[in-house]
Structure formats: structure tokens, C-alpha cells
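Engineer: Give me coordinates for this.
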Amino acid sequence: MNKGQQATTSDLTETAETLSPARGKWSIAEITEKLIAEPDQTPEDIAHFLKVHSFARLIAELEGLDADTKEILEVTAILHDISCPLCREKYGNTNGAHQEAESAPLIRAFLTGSGYPKEFIDRVVYLVTHHHTYKDIHDMDYQILVEADFLVNAGESAKYRKLLPEMRERFFRTESGRRLLEEIYPE
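Structural biologist: As a prediction, this is how the structure comes out:
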């Protein structure tokens, strides 16, 4: 591609499919770079998923998550809002229910050629398509994703800041997530 030419989705897919051939799967950095390169990602979208990834990784490390679960969580944190550009175009907003409904095919297409097994991708899809569903939260990757996303959303939106007392009481379950919540948003 010449300087100044815009990348197309097929260009990105071709490039992405050649990533990490020796390892057999893409690294977290490569997934991040690939999503940043998507032409419909806004600077705000990029900043958001980078912050959620950072909090998710921090909480996972503080909570002692095993390496496999941590990798699923990190990929999920990067991709958790993959459908936001589509939702803005299709619905005029990024409502959580719309995001959850639209994400699965986007994630599967994005991770095509990634080298991750079907079970891994299925778990990422499940977590992304439930990350605005705050009932029946089970498993640490799900819990940490919800906490990390909320920590960032509360800093970006007055709507989420108003929910702090309820979220603090009802949805923060990890010790690390609670400590971060208290430090960042003291009562």
C-alpha cells in the first residue's frame, strides 16, 4: 500500500492473517494493532478499549488469574466494543443491548486466521455479547471485564458515575476491583 492510500478491510485481513506465523496465534499487541487499524475506529473508541484492557489486565494480575483465562480476558477487553461503530451507523447510538446483539459475527470475522482455537473464540464471543448484562455474572473473566469496563465508563460518562453506589454494592466482587473503585471514585 502506498503512503496516503487508505487500507481496506481486505488489506487488513491479509495483513492480519500473516501475523505471528511462528507462534501460531496472534499476540495481544497484534490484536490491538489490528483493531486500531480498522478504518471505522474513532480515537475515542481506541482510547476506551485501551483503558478497559489496562484495567482488566491489572485486576487479572492482582487477582492471580491463570495465564489462559487472562489471555481470554485481554482479547475480550480489546474487542469488547467492536460493534460500536456499526451500532452508531445502524441505530444512532451504542446502547449496550445493540452492542451485545451485533458483536458475535464481527468478533468471529476479526479473529479469522488468528490461530486461536474455536473454544477460545467462543468464550470471547460469549463475554463480549454479555458485557452489559449484569445478572448471572459467573467466572472471573466475566467479573473482571464488567468491573474494568465500569471503571472506565464511570470516568467517561456522568450516566455511569450516577450508578456508582449501586455498582459498588451489587456488582464489584473482586478485591482488586473494589480497591480500584474506592481509590478512583471515593464516596
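Engineer: low-confidence ranges in the chain?
Structural biologist: The chain contains residues with pLDDT under 70 at 1-24.
Engineer: By residue count, tell me the biggest helix in the protein.
Structural biologist: The helix that spans the most residues within the chain, counting by DSSP state H, is helix 43-63.
Engineer: And that one, what does it pack against?
Structural biologist: helix 28-37, helix 67-79, helix 140-156, helix 175-184 (3 or more Cβ pairs under 8 Å, 6 or more residues apart in numbering; DSSP states H and E). (C-beta placed from N, C-alpha, C; glycine too.)
Engineer: and these as a markdown table, adding mean neighbour count and distance to Phe120?
Structural biologist: Shown next, in a markdown table, are the helices and strands packed on helix 43-63 (neighbours: other Cβ atoms under 10 Å; distance: least, Cβ to Cβ, whole Å):
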| stretch | mean neighbour count | distance to Phe120 |
| --- | --- | --- |
| helix 28-37 | 16 | 12 |
| helix 67-79 | 21 | 6 |
| helix 140-156 | 22 | 11 |
| helix 175-184 | 15 | 24 |
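Engineer: For those, give me CSV that also has distance to Pro43.
Structural biologist: Formatted as CSV, the helices and strands packed on helix 43-63 follow (distance: least, Cβ to Cβ, whole Å):
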stretch, distance to Pro43
helix 28-37, 10
helix 67-79, 16
helix 140-156, 13
helix 175-184, 22
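Engineer: Of all the ones you listed, which one comes closest to Met167?
Structural biologist: Among these, helix 140-156 comes nearest to Met167, with 5.6 Å by Cβ to Cβ.
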